[in-house]
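[1] My questions are about this predicted structure, shown below with the sequence.
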Amino acid sequence: MGPATAAAEAALARRAADPLPALRRRDALPLPARLFAQLHALVLTAGLARHSPNFSLLLRLASPLLPVSHRLRLLLSSPLPPTTFLANSLLLASSSSRCLPSALSLYALLFLSSSPPLLRPNAFTYPPLFRAAPPALALALATHSVKFLGAHAASCDRVLGAALLGVFARCGRIASCRRVFDRIAHPDLPAWNALLSAYARLRARDVACATSAADAILELFVRMLSLAIEPNEITLVAVIGACGELGAVSHGVWALVEMYAGCGRLDLAEQVFAAASDRDTRCYNAMLHGLAVHGHGRAALSLLDRMHGAGVPVDGVTVLSVMCACAHAGLVDEGLDYFDRMEIEFGIEPRIEHYGCMIDMLSRAGRLNNAEKLIHEMLIVPNAAIYRSLIRACGIHGKLELGEKMIAELMRLEPDDSGNHVLISNFYARTNRWEDAKKARKEMKSMGIDKNPGSSLVDINGVLHEFLVGDKTHPASKEIYTMVEEIETRLIECGRRSSTSSALFDVEEEDKADTLSYHSERLAIAFALIASNPGAPIRIIKNLRVCADCHESAKLVSRVYGREIVMRDRTRFHHFRDGVCSCGDFW
DNA sequence: GTAGGGTTAG
């Protein structure tokens, strides 16, 4: 017998032992109804159904479009009595989000309806339901599962634990995520990834928590490595993002940090991108976004051309990144054009973020009437960010009436947000309505709303130093403040005009009225000038938008002290060199 | 015993 015959024999033997190998794939698609009926008959008549795993496979191939009653009968057609295992298999077949209602009725019929219920759910019952359900419903199901299985059982199982963690993460409940994770006895890679991704999501969604979330990610990553859990690409997505957040360039373990635009090293990001062998949509999106926040609008558009040329599919994030690039570079017509094409050419439905970017772009360009028109035309309810863009632009372009209309909308949505109140006060200050500006601040104080304190991080020889506005806690505080004064004196000698009264109110979110020139970035720059190696670029990571006064000052410092300053604020990067900023004073 | 979980985006 030759080797080929032997291989065939072996294959036949395997097939005899495992009659349904092709169906064992996890991603097997549901079968068309007729084909399924034939297979069903075959499995029953061939006696395969007496083996629970085989019957389970059959159930998983049932089309989710079959009526619920039909699928219940299917379960009962088994020569074996129905078990939770088989019921879960049936449920798995209908748990895509498309057929959520049918999955829920099955769940209710099998596990809830009669008393006592037909079957009791177990840890395998819920994860597919969580995946299919939208966040709010998934949260309800999660609570339900914990009640049903008991908190102990629910969290002892690390798969259910990871699934629960995912639900809480989608709902922004980071404390619940932490509690669930802490109860998992021996978390494995997906469980760690679920927690890291929960913090990554928090970092991306909530500016106020971004730094602490990034800290948590790095801390968890170190712990995970010490437990010899091997990270994968999913882990790195969270970790690299966190490194970008902190600007922790010198944390050598994560050399990838430098490569990503998040640290302000666009050059390295481009090198990595160029070296990457197989670039998918995500990869292009990351590079496009990097170019966007560094203000390289034209480069982003040309990369987009290459992406189309390479046949890499675009998605909603691609469009968003391109529009963001256009917005930051003032390429309004190009941005409009791409927005118009997204739905028709690429079949991507615009989401609130796209409208937000669009409105921001139009507003920055002073096309406020177009922006307002778009708000009325769009089919989605506008969010607070959209109103904020318009209010900021109305302040700059002196559109009092529209601005006040938008303020009313914003206050309806988010009356308690400190940033909103500062924004409103600045709007009135810019339009010379000083009394209203003061009133807005007073109102904020009387409501007991705390301002979000401005903070800046600077990396000096591998150690991160954080400064808050007016901070005096740094060990070198005395020298730093002396340096701030010295800088100010030198800049005035070199032609800087001192702050005017309008500039005093012209702040985005840090409250300069109280603190004059002690904004966190000035403290960070002063410290960097004292402590960093001469000639090295100064890298600052700021939590809020940089105010016009600090921006002007950073430009001058770059010239007078001959130092390059790279500052990432809440929305983009500013590269200060020789008295000029890469944003072209448009941010 | 069999099956279920992890991929941010301004």
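    Looks like it arrived, so ask away.

[2] Spit out the contact partners of A:Glu334.
    Contacts here follow CB atoms under 8 Å, 6 or more residues apart in numbering; on that basis A:Glu334 touches A:Gly297, A:Leu301, A:Cys326. C-beta coordinates here come from the backbone N, C-alpha and C atoms, glycine included.

[3] Assign the last one to helix, strand or coil.
    When the structure is reduced to helix, strand and coil (DSSP: H, G, I helix; E, B strand; the rest coil), A:Cys326 reads as helix.

[4] Which residue comes closest to it once chain neighbours are left out?
    Excluding the flanking residues, the one nearest A:Cys326 by CB to CB, 6 or more residues apart in numbering is A:Gly335, at 3.1 Å.

[5] Report pLDDT for the one you found.
    A:Gly335 is assigned 89 on the pLDDT scale.

[6] quick one on the thing from earlier: so which of the contacts of A:Glu334 is the most crowded?
    Of all these, A:Cys326 has the most neighbours under the rule other CB atoms under 10 Å, reaching 26 neighbours.

[7] In terms of pLDDT, where does that residue sit?
    90.

[8] now do A:Asn193
    94.

[9] Same check on A:Asp514?
    46.

[10] which SSE is A:Gly419 in?
    According to DSSP states H and E, A:Gly419 maps onto helix A:418-430.

[11] same for that helix, what does it pack against?
    On a contact count with 3 or more CB pairs under 8 Å, 6 or more residues apart in numbering; DSSP states H and E, helix A:418-430 meets helix A:384-397, helix A:400-413, helix A:434-446, helix A:501-505.

[12] For the residue nearest to A:Cys326, pull up the helix or strand it's in.
    According to DSSP H and E, A:Gly335 maps onto helix A:332-346.

[13] Distance from the following helix or strand past that helix to the middle of the chain?
    Where DSSP H and E defines the elements, the next helix or strand beyond helix A:332-346 is helix A:352-364. On the basis of CA atoms, centre = their mean, to the nearest Å, helix A:352-364 sits 18 Å off its chain's mean C-alpha point.

[14] And stretch A:295-308, by the same measure?
    Using CA atoms, centre = their mean, the mean C-alpha position of stretch A:295-308 is found 22 Å from that of the whole chain.

[15] and that stretch with DNA strand B, contact?
    No - under the criterion of CB under 7 Å from any atom of the strand, DNA strand B is not reached by stretch A:295-308; the shortest gap measures 11.4 Å.

[16] Identify the residues contacting that stretch?
    Contacts of stretch A:295-308 (CB under 8 Å, 6+ apart): A:266, A:284, A:287-288, A:291-292, A:314, A:318, A:321-322, A:325-326, A:328-331, A:334, A:572-573, A:582-584.

[17] how about the helices and strands packed on helix A:418-430, which one is nearest A:Val422?
    With CB to CB as the criterion, A:Val422 lies closest to helix A:434-446 of those, at 7.6 Å.

[18] Show me what the helix or strand immediately after the closest one in the chain is packed up against.
    From helix A:434-446 onward toward the C-terminus, using DSSP H and E, the following helix or strand is strand A:455-460. Judged by 3+ CB pairs under 8 Å, 6+ apart, the packing partners of strand A:455-460 are strand A:463-468, helix A:520-531, strand A:538-542.

[19] Show me what strand A:455-460 pairs with in its sheet, parallel or antiparallel.
    strand A:463-468 (antiparallel), strand A:538-542 (antiparallel) (DSSP bridges).

[20] Count the neighbours of A:Val484 for me.
    By other CB under 10 Å, 19 other residues sit near A:Val484.

[21] meant to ask about A:Leu59
    A count of nearby residues for A:Leu59, using other CB under 10 Å, gives 22.

[22] can you redo the helices and strands packed on helix A:418-430 as CSV with mean neighbour count, distance to DNA strand B and mean pLDDT?
    Formatted as CSV, these follow (neighbours: other CB atoms under 10 Å; distance: least, CB to the nearest atom of the strand, whole Å; pLDDT from 0 to 100):
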stretch, mean neighbour count, distance to DNA strand B, mean pLDDT
helix A:384-397, 22, 5, 87
helix A:400-413, 17, 14, 89
helix A:434-446, 15, 24, 81
helix A:501-505, 14, 25, 43
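
[23] by how many degrees do the helix holding A:Gly419 and helix A:434-446 diverge?
    Relative orientation of helix A:418-430 versus helix A:434-446 (axes from the mean of the first three to the mean of the last three CA atoms, to 10 degrees): 160 degrees.
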